[in-house]
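A.B. asks: could you look at this predicted model? Sequence included:
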Amino acid sequence: MATIAFDTLRFSRRLKDAGVLPAQAEAEAEALAEVLEVNLKDLATKEDLKREIDLLRRDMDARFIQLEQRMVIKLGGLMVLAVGIVATLVKLL
């Protein structure tokens with residue numbers, strides 16, 4: 001899980017220095033810290049992304065292997081058909 005160091009005390013001091021009431025500044029700092037904490041729980045990490053990329057690569061590799069096998073079978077069938085047609089034409093002519 002991603003974490004961010006958020007200094008609520010520094011933030012509330014900055015608000016107080018800007019003229020915000022102390023109670024409001026502290027409430028805003030706590031609310032912002034809570035929002036950051038909640039929103040960061042759902043962020044993907046580099047490890048999450050790497051794992052998903054690896055899964056996608058494996059899936060793509062498997063699909064390419066299946067596609068290659070189907071193409072080889074179809075090409076073989078076409079070659080057998082072509083040889084049969086040529087052999088038939090040779091016998092007829």
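C.D. replies: All right, it came through fine. Numbering: from 1, shown residues only.

A.B. asks: using the three-state scheme, assign residue 20.
C.D. replies: Here residue 20 is recorded as coil under DSSP: H, G, I helix; E, B strand; the rest coil.

A.B. asks: can you map out the strands along this structure?
C.D. replies: Taking DSSP state E as the test, none of the chain falls into strands.

A.B. asks: scan it for its longest helix.
C.D. replies: If you go by DSSP state H, the chain has its longest helix at helix 46-92.

A.B. asks: list the helices and strands that helix packs on?
C.D. replies: Judged by 3 or more C-beta pairs under 8 Å, 6 or more residues apart in numbering; DSSP states H and E, helix 46-92 is in contact with no other helix or strand. In this view, the C-beta of every residue, glycine as well, is placed from N, C-alpha and C.

A.B. asks: per-residue pLDDT of the residue nearest to residue 28 when sequence neighbours are not counted, please?
C.D. replies: Closest residue in space to residue 28, ignoring its immediate chain neighbours: residue 15 at 6.2 Å, by C-beta to C-beta, 6 or more residues apart in numbering. Note for residue 15: predicted pLDDT of 90.
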